[in-house]
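[1] Pasting a predicted model and its sequence here:
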Amino acid sequence: MKEELKKSLRTYGALLLLGVTGVPLGAAVGLIEALFCRLLLKVTAIRVAHLFWCLPFLAMAGLVIVAVNQKFGGRGKGGMSLIFDVAYEEETELPLRMIPLAMLSTALTHLFGGSAGREGVAVQIGAVFSYFAGKKLPFKNAPGIFLVTGMAAGFAGMFGTPIAAVIFAVEVLAAGEMRYEALLPAFTASFSASAVASLLGIHKENLAVHISESLTPFLLVRLITLGIIFGITGGLFAWCLKHTKKYLGEKIKNPLVRVFSIGVILSILFLLLYRGRYCGFGTNLVEAVFHGEKVYAYDWALKFILTILTLSAGFQGGEVTPLFTIGATLGAVLGNLFGIPVELSAALGYAAVFGGGTNTLLAPIFIGGEIFGYDYLPYFFIVCTAAYVFNRNSSIYSRQKLTKYSC
């Protein structure tokens, strides 16, 4: 009896210590994320102010990105794929140089007009930093636990959604499974990172929806239909990204030639298509949707295509923010067609296309709640569940283990 009690006390003590350790780790990650976010906001402001000076140099920026990563990246060139491999214990090292290289590459992509996000880099920063720290700490399975902890902190520090960040980190590594052993340190690190980033001026998007809509059987059918469309869209994005990278890699084998040639094409397209409307994160399009500004029926499709071309060419950045944009703009279009308030359908698309692209269920539901308000949680649950079922196990993370049910 005494031995069992001692064992239980040791277990609970270790869990509490893990949770406490998550606080300073999260704070450190939040600090890095805040600096990174400020850097991206600064280069975005420069690009917007001097678009015609920046866009012509996108191809040259691509050369710098690829050349620097080839010379100094080493195994770190794997990015999120390497993080997944380390999580599965197929690799054992995450080089610290991944952090500055990813930050520099993403900043250059956004300065010169590429269509990309920031989440992938944010999660990498958190994962690499926390994994490195975890290897120095005297916990059982510490590196793996702190890898997930860092992913949560990175997501929360960048997006300001700590609950969704925790769930995303424990859910994303294997579709249909959760890394529960990392839940407590991920929780404390996520809230710590979000708090530090907020203190430094990095806040979540304020896109609250104020619509009263009763959940009738007819609305339920329309919501499920929306979810199916959003899930297919997110899954299609992941599929197209994977196969476009493969196709371009086979057709243009030299990565320097590939990024330069496609960079030239992208520069022309970005200039011709509403003078940079589809450059960067796409938050300008999301703001247009929720502030009642002009949204074109094809905004989502052009953002979809241009993001895939940007990332497939060799430019750096995340996929999640563009997925938010694609979902919100597609939702705005479908809202009019389905007779659902545009703000509500755009909010549902924002979350569900993200879920369809990342092959996650719970994270997009809570993203919706944290960004748009928990009053709409039942709607997010319905739409994101349908999206998860119909995304056909596709994911922007090529190394994600696919364990969920598939027909």
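    Good, I have the coordinates.

[2] Going by C-alpha atoms from here, please, whenever you check contacts or count neighbours.
    Fine.

[3] Look up how far residue 121 lies from the residue nearest the centre of the chain.
    Centroid check for the chain by CA atoms, centre = their mean gives residue 320 as the closest residue, at 3.2 Å. In this view, residue 320 and residue 121 are 10 Å apart by CA to CA, to the nearest Å.

[4] Over to residue 280?
    According to CA to CA, residue 280 and residue 121 sit 14 Å apart.

[5] got it, and residue 281?
    13 Å.

[6] end-to-end on stretch 201-218?
    43 Å.

[7] What residues sit buried inside that stretch?
    Going by neighbour count (16 or more other CA atoms under 10 Å), the buried part of stretch 201-218 is 202, 203, 204, 207, 208, 209.

[8] Next, give phi and psi for the residue nearest to the second one when sequence neighbours are not counted.
    In other words, residue 203. Spatial nearest neighbour of residue 203, chain neighbours left out: residue 160 (5.7 Å); criterion: CA to CA, 6 or more residues apart in numbering. Backbone geometry at residue 160, expressed as degrees, to the nearest 10, gives phi 70, psi 30.

[9] Residue 280 now?
    Per degrees, to the nearest 10, the backbone of residue 280 is at phi 70, psi -150.

[10] Contacts only, for it.
    Residue 280 makes contacts with 44, 110, 113, 114, 115, 116, 117, as judged by CA atoms under 8 Å, 6 or more residues apart in numbering.

[11] what does residue 389 give?
    Applying CA under 8 Å, 6+ apart, the residues near residue 389 are 228, 231.

[12] and it, what element?
    helix 377-390 (DSSP states H and E).

[13] and if you look at residue 131?
    According to DSSP H and E, residue 131 maps onto helix 119-134.

[14] Can you show me the CA trace of that helix as PDB?
    Provided in PDB are the C-alpha atoms of helix 119-134 (Å, rounded to 0.1, in the frame of the first residue of the first chain):
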ATOM      1  CA  GLU A 119       1.900  28.900 -38.800                       C
ATOM      2  CA  GLY A 120       4.300  26.300 -40.100                       C
ATOM      3  CA  VAL A 121       7.200  28.400 -39.000                       C
ATOM      4  CA  ALA A 122       5.600  29.400 -35.700                       C
ATOM      5  CA  VAL A 123       5.100  25.700 -34.900                       C
ATOM      6  CA  GLN A 124       8.700  24.900 -36.000                       C
ATOM      7  CA  ILE A 125      10.100  27.600 -33.700                       C
ATOM      8  CA  GLY A 126       8.200  26.300 -30.700                       C
ATOM      9  CA  ALA A 127       8.900  22.700 -31.500                       C
ATOM     10  CA  VAL A 128      12.700  23.100 -32.100                       C
ATOM     11  CA  PHE A 129      13.200  25.400 -29.000                       C
ATOM     12  CA  SER A 130      11.200  23.200 -26.600                       C
ATOM     13  CA  TYR A 131      12.700  19.900 -28.000                       C
ATOM     14  CA  PHE A 132      16.200  21.300 -27.400                       C
ATOM     15  CA  ALA A 133      15.300  22.300 -23.900                       C
ATOM     16  CA  GLY A 134      13.500  19.000 -23.200                       C
END
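
[15] what does that helix contact?
    Against helix 119-134 from outside (CA under 8 Å, 6+ apart): 25, 29, 32-33, 79-80, 83, 94-96, 98-99, 102-103, 106, 142-155, 157-158, 317-321.

[16] and with 7 Å instead?
    25, 29, 33, 80, 94, 96, 99, 102-103, 142-143, 146-151, 153-155, 158, 317-321 (CA atoms under 7 Å, 6 or more residues apart in numbering).

[17] Give me the helices and strands touching the next helix or strand after that helix, please.
    Next along the chain after helix 119-134, taking DSSP H and E as the criterion, comes helix 142-159. If contacts are counted by 3 or more CA pairs under 7 Å, 6 or more residues apart in numbering; DSSP states H and E, helix 142-159 sits against helix 2-49, helix 119-134, helix 162-172, helix 183-199.

[18] Could you report the pLDDT at the closest residue to residue 271 other than its chain neighbours?
    Among residues not flanking residue 271 along the chain, residue 55 sits closest, at 7.6 Å (CA to CA, 6+ apart). On pLDDT, residue 55 comes in at 97.

[19] show me what contacts residue 55?
    112, 113, 267.

[20] buried subset of the residues you listed?
    Looks like these have 112, 113, 267 buried, using 16+ other CA under 10 Å.

[21] Pull the distance from stretch 14-32 to the chain's centre.
    Relative to its parent chain, stretch 14-32 has a centroid offset of 21 Å by CA atoms, centre = their mean, to the nearest Å.

[22] Thanks a lot, catch you later.
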